[in-house]
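Visitor: got a structure for you, letters missing:
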């Protein structure tokens, strides 16, 4: 009989490339297990190991509360883990990976901005008939960009936008970037040609860039969200696009992202939610670009992420604490 | 009887939007006349004014040689005007608009680079199933970019690439950008992760970045062309992509562009050339982005073009010289 090997850590939502990287740098004495699925998709009932690692889509089952010792979120956001701990009273340690992908996300945010300013979807579509009607775009240079949320990622967006000779202002509770002009949200939104959201989800940021706030932008402004979808709900963005308030939207994150992702991946199993319907209606528009929560996903960031994840796991297995603990109030 | 107003300048080939822009900024003391037609389409026999302005499609009649004092080409190319002057021995001054769209083209070049580095086509395609497999991209930061052709447009590409914290080198006969490291073509290509072509078409640049030259790049390098298609023929690029030498290609210009455009616009009337077949085979690939010679097309560039045209006309009417005279050997 083959002895069943003890699993030290179960990695959920670890896709092919990430799995390969994690495996390649995992020390031999640690026994990991990997799945590309969420906890729900995997459909397991019992805790697979006292330490688990998820990204953002798994819902940790309440029933695991007494068996979990450590939860490592392989993401820069940690609201989902914090909520679980608060709700269940779990005594598990929680860790996250705060800054591995800041430049990657920043670059993708600016790529979405440039793509929208230059109507790149329409340019590519019009190539089919080599037709240049209605293709006049706008340049980045001298455009006014408001970065909402100037933490690790927002700071990179500021740096890149400045590099492109944009005029940049920031909105954040903590005004810590040297030389950056900070604005209050209302006047910042009224000033901006481009609004880029890099906010995490907290009680304060939930719906912060909803309909009422964003309708104050200049007509035709561009909105990009690489933070958390809940900050700027899809139904509000749809209304702003339909009313012509926003000239374009580029999203990498979505409110109720989990149910949207589940439905898009397996429409037979998961029903179409209201947000999934909005997604389906908007995604074909030439002034809308949707990417699948992928802004973090560069070779450079994944290398850094895998290193930080394995370091976090190693430390936890030795000392029952994480390299980057989730701050708990 | 209404007195017939003297015409100071006749603008040919001025379509609706350009005409509106030109009119809106033309000083009151200047009396322009506009037509969207070419000189031939308009069918006028006598010189309408001693100063005329054309784009690229009008043929200036030989019979006008003694009556024309000034010819303003509203284009960055001026061969057509120079040929007229040489052929007829005209003593008219000739002007053109050399740099109105340099930033627009530069920004589009970098947008193509970033789009390819980040697999944006695949990101958008994979959104359909919210699937992130194979979506890992690369960051701009610290990438090595070779700008081939560092004139007005190439200089802007250098500026933007530096703004994104790329390492930048240039190749050009004239090494005039301060602080830029210039390389010879062979070693520059071997060094680069990214090659951006902004060369005009001359006897020297024709096929300069063909198969033999470009196969020296690092495996997986990105190639973008916003200069002239003839510098890097499609059949060579296809071979380099098929062989995996190039990791991606973004093109706004094409060799035999006119026949490609005609076929794509009206496939019943114009037959599919060899290059049009290559285009059709490549355009669906996720590591290829084609835009319809549209990099110049921004609001800012069109405004600048109109301003430069009106400034050129004003100066000519006062001093009988152009702001940007066509260089005459």
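Guide: Here it is on my side, so go on. Quick caveat: nothing in here was measured; it's all calculated off a predicted structure. Numbering: from 1, shown residues only, chains lettered A, B, ... in the order given.

Visitor: could you use CA atoms for every contact and neighbour count after this?
Guide: Will do.

Visitor: identify the residues contacting the closest residue to residue A:42 other than its chain neighbours.
Guide: Among residues not flanking residue A:42 along the chain, residue A:35 sits closest, at 7.9 Å (Cα to Cα, 6 or more residues apart in numbering or on different chains). Contacts of residue A:35 were listed using Cα atoms under 8 Å, 6 or more residues apart in numbering or on different chains, and they are A:10-15, A:42.

Visitor: burial of the residue in the stretch 101-250 of chain A that chain B sits nearest to, as a residue count?
Guide: Chain B sits closest to residue A:163 of the stretch 101-250 of chain A, with a gap of 3.6 Å, by Cα to the nearest Cα. Neighbour count for residue A:163, taken as other Cα atoms under 10 Å in any protein chain shown: 18.

Visitor: show the pLDDT at the closest residue to it other than its chain neighbours.
Guide: Counting by Cα to Cα, 6+ apart, residue A:163 lies nearest to residue B:163, which is 3.6 Å off, once chain neighbours are set aside. pLDDT recorded at residue B:163 is 98.

Visitor: wait, doesn't residue B:163 sit right on residue A:166?
Guide: No: at 10.6 Å, residue B:163 and residue A:166 do not qualify as touching, with contact defined as Cα atoms under 8 Å.

Visitor: which ones are touching the residue lying closest to residue A:258 once chain neighbours are set aside?
Guide: Nearest non-adjacent residue to residue A:258, counting by Cα to Cα, 6+ apart: residue A:57, 5.5 Å away. Contacts for residue A:57 (Cα under 8 Å, 6+ apart) come out as A:13, A:38, A:257-258.

Visitor: domains in chain A, by residue range?
Guide: According to automatic domain parsing, chain A is divided into the following domains: A:9-100+A:299-319, A:102-290.

Visitor: what ranges do the helices span in chain A?
Guide: A:16-25, A:39-42, A:79-88, A:102-117, A:120-127, A:152-163, A:185-191, A:211-214, A:234-242, A:257-265, A:274-282, A:299-319 (DSSP state H).

Visitor: can you say which of the ones you listed is packed in most?
Guide: Comparing the helices of chain A by mean neighbour count (mean count of other Cα atoms under 10 Å in any protein chain shown), helix A:102-117 comes out on top with a mean of 26.

Visitor: so what touches it?
Guide: A:121, A:137-140, A:152-154, A:156-157, A:160-161, A:194, A:196, A:222-226, A:248-250, A:287-289, A:295-298, A:300-301, B:111, B:114-115, B:118, B:139-140.

Visitor: and that helix with helix B:102-117, angle?
Guide: 130 degrees (axes from the mean of the first three to the mean of the last three Cα atoms, to 10 degrees).

Visitor: returning to that earlier point: nearest to residue B:279, of the helices of chain A?
Guide: helix A:120-127 (10.2 Å; Cα to Cα).

Visitor: check the offset of that closest one from the chain's centre.
Guide: 27 Å (Cα atoms, centre = their mean, to the nearest Å).

Visitor: between that helix and helix A:102-117, how big is the angle?
Guide: Computed by the same axes, to 10 degrees, the angle between helix A:120-127 and helix A:102-117 is 50 degrees.

Visitor: helices or strands up against helix A:120-127?
Guide: strand B:288-290 (3 or more Cα pairs under 8 Å, 6 or more residues apart in numbering or on different chains; DSSP states H and E).

Visitor: all set now, cheers.
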